[in-house]
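[1] Sequence plus the predicted model coming up.
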Amino acid sequence: RMLKRRTDCHSDILRLDSPLLAIYESLIPPVEEKAKQKQLLALLDKLVCKEWPEARLYLYGSCENSFGVSKSDIDICVAFNEDIHDKSEILLKLADILQSDNLQNVQALTRARVPIVKLMDPLTGISCDICVNNVLAVVNTRLLRDYAKIDVRLWQLAFIVKHWAKSRGVNATYQGTLSSYAYVLMCIHFLQQRRPAILPCLQGMETTFSVTVDDVECAYFDKVENLCNFGSSNQETIAQLVWAFFNYWAYIHDYANSVISVRTGSLISKGEKDWTRRIDNDRHLICIEDPFVVSHDLGQVVDKFSIKVLRAEFERAADVMHYDPNPWITLFEPY
Ligand code: CTP
Ligand code: MG
């Protein structure tokens, strides 16, 4: 059977806009959900401050960076003014406090890479993870949220990519695939690279916001309300961008030599970062530089098996966008 390649025909790809936008819209959390999150945060704030009056609670992750789909878990950071050497002790104490306040499924995971307490609030039905002093995550959440305010196409693309990754089983770092955070950075970088660009490079502009966290200077231009027309000379639609995004990761990205870098708004070379060799378990088979902790490759979780799974999924998605009559269904078919 001869399949017609969709990109040959401009109007054919544009036909995909409205079904893709409908999916994006169905993923946006309803306002009541935001209110429930705030209610749970207020309850936890009260409990934490009773025990540690100087501590502050911050939301981070998808509930705060605006890339959260409906019914996501929420991520909370308890920040203390001083360094905490024994996070386990704090987390175990916190788990006790939460348990006695009737929160459910309370569990302290003190040996995790990022140690947390997990819980479920029976009043709102919301599950959440609480970590200690992970202020870099609070700051990178703010950066992502600021990018999202510049052009709605980032929102649309990231929702669709995250939904695709969850549906296809390639959003699990413990299985060697990528975190949601990594996928959003891939979307930001991709939109920085369009010509004309759809997103600017906020860390390459004048500094209007700056904090130093764990000796890392986090600085960028955060007056994003001045940038809401930034991408307007690029008229690409969501269908074209979803198509091009998967095509890029399937057939164009140079996995052997390139690092994607939101910090610089460009591609940089693996050699420049000394990410060319395997050291212990860090393999660098797909390289995504953290915008602030520049020595951190978010692709380091990917191993020689999962890179194949990941690339096969990018190719499948690109081919679905090329040829499938109903890509808005096939793209998200459970694996
Ligand atoms: N994070 C990080 N470094 C990583 C992974 C995550 O700093 N290697 C932080 C980021 O601040 C991110 C947050 O942890 O926003 C939550 O990560 P993740 O669960 O990947 O993303 P969410 O946006 O919460 O996505 P989901 O909707 O899938 O929960
Ligand atoms: Mg999350």
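    Structure received. Ligands and ions are numbered 1, 2, ... in the order given.

[2] So for stretch 66-77, mean pLDDT?
    Mean per-residue pLDDT for stretch 66-77: 94.

[3] N281 - nearest residue in space that isn't next to it in sequence?
    Distances taken as CB to CB, 6 or more residues apart in numbering put Q300 closest to N281, at 7.6 Å, once the chain neighbours are dropped. From N, CA and C alone the C-beta is placed, and that goes for glycine too.

[4] Three-state assignment for that neighbour, please.
    Under the three-state scheme (DSSP: H, G, I helix; E, B strand; the rest coil), Q300 adopts helix.

[5] Also F332?
    coil.

[6] For the chain, which residues score under the pLDDT cut-off?
    Along the chain, the model assigns pLDDT under 70 to residues 1-3, 7-9.

[7] returning to what we had before: does the residue nearest to N281 touch H284 like I think?
    Yes: taking contacts as CB atoms under 8 Å, Q300 lies within contact range of H284: 6.7 Å.

[8] Quickly note the distance from the residue of the stretch 1-150 of the chain found nearest ligand 2 to ligand 1.
    Nearest to ligand 2, among the residues of the stretch 1-150 of the chain, is G61, at 3.8 Å (CB to the ion). Counting by CB to the nearest ligand atom, to the nearest Å, the separation of G61 from ligand 1 is 3 Å.

[9] how about the helices in the stretch 51-200 of the chain?
    Using DSSP state H, counting those that start in this stretch, the helices of the stretch 51-200 of the chain run over residues 62-65, 87-100, 135-148, 152-167, 180-193.

[10] Turn those into TSV, including distance to E236.
    Formatted as TSV, the helices of the stretch 51-200 of the chain follow (distance: least, CB to CB, whole Å):
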stretch	distance to E236
helix 62-65	23
helix 87-100	45
helix 135-148	17
helix 152-167	8
helix 180-193	9
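
[11] Quick one: distance of stretch 294-303 to the chain centre.
    14 Å (CA atoms, centre = their mean, to the nearest Å).

[12] do stretch 327-334 as well
    Centre to centre, stretch against its chain (CA atoms, centre = their mean), the figure for stretch 327-334 is 21 Å.

[13] so who does the residue minimising distance to the centre of the chain touch?
    The centre of the chain sits closest to Y181, judged by CA atoms, centre = their mean, with a distance of 2.3 Å. Going by CB atoms under 8 Å, 6 or more residues apart in numbering, Y181 touches 61, 140, 144, 298.

[14] My read is that the third one contacts N65, right?
    Going back to what we said before, that points to L144. Yes: counting by CB under 8 Å, N65 is a contact partner of L144 at 4.0 Å.

[15] Name the residues contacting each of the two.
    Residues touching both L144 and N65 (CB under 8 Å, 6+ apart) are V184.

[16] ok, which residues in this protein are in contact with ligand 2?
    By CB under 5 Å from the ion, the residues of the chain that approach ligand 2 are 61-62, 75.

[17] nearest to F190, of those?
    Nearest to F190 out of those is S62 (CB to CB; 18.8 Å).

[18] How many residues are close by that closest one?
    Using other CB atoms under 10 Å, S62 is surrounded by 22 other residues.

[19] From A42, how far out is it?
    In this structure, S62 and A42 are 20 Å apart, going by CB to CB, to the nearest Å.

[20] Likewise for N326?
    Using CB to CB, we find N326 at a distance of 44 Å from A42.

[21] hmm, back to that, do I have it right that the residue of the stretch 1-150 of the chain closest to ligand 2 meets V114?
    No: G61 is beyond contact range of V114, at 11.0 Å (criterion: CB under 8 Å).
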